[in-house]
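**Q** Just need the structure, nothing else, for what follows:
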Amino acid sequence: MKVVGLIALKDTEAFERYRSQVGQTIACYGGSVVFRGARDQVFWNELGCAEFNAFVEIEFPTSEAATQWANSAEYGALLAVRSEALSVTLFGIT
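**A** Numbers count the residues shown, from 1 in each chain. Got it, this is the predicted structure:
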């Protein structure tokens, strides 16, 4: 399963702390970060999506593994620093 995150950065220092730890939590559930990047252009925004300036694509072996990661204690421990670092819309694609 692919998990996509649309990210609005708030604090670059906090983001570096978050980014240095989040990969370990993903790996605990068999996942990996496939791609990270900065948003370049928005061609259409008919859904009224909030502004974002970065993007992440994560891959997990199953939908269940992605759900377990998202609700895990390991990832939960990063929520405070994540809130300081960024706002995110995170969704799964099958």
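
**Q** Tell me which residues of the helix or strand hosting residue 8 come out buried.
**A** Using DSSP states H and E, residue 8 falls within strand 2-9. By neighbour count with 16 or more other C-beta atoms under 10 Å, strand 2-9 contains the buried residues 3, 5, 6, 7. In short, each C-beta sits where N, CA and C put it, glycine included.

**Q** got the residue ranges for the helices in the protein?
**A** Along the chain, counting by DSSP state H, helices occupy 12-27, 63-70, 73-76, 79-85.

**Q** Reformat those as TSV; add mean neighbour count, mean pLDDT and distance to residue 41.
**A** Shown next, in TSV, are the helices of the chain (neighbours: other C-beta atoms under 10 Å; pLDDT from 0 to 100; distance: least, C-beta to C-beta, whole Å):
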stretch	mean neighbour count	mean pLDDT	distance to residue 41
helix 12-27	15	97	22
helix 63-70	16	98	28
helix 73-76	14	98	30
helix 79-85	16	98	24
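
**Q** Reformat those as TSV; add distance to residue 56.
**A** Listed next are these as TSV, based on distance: least, C-beta to C-beta, whole Å:
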stretch	distance to residue 56
helix 12-27	9
helix 63-70	13
helix 73-76	14
helix 79-85	12
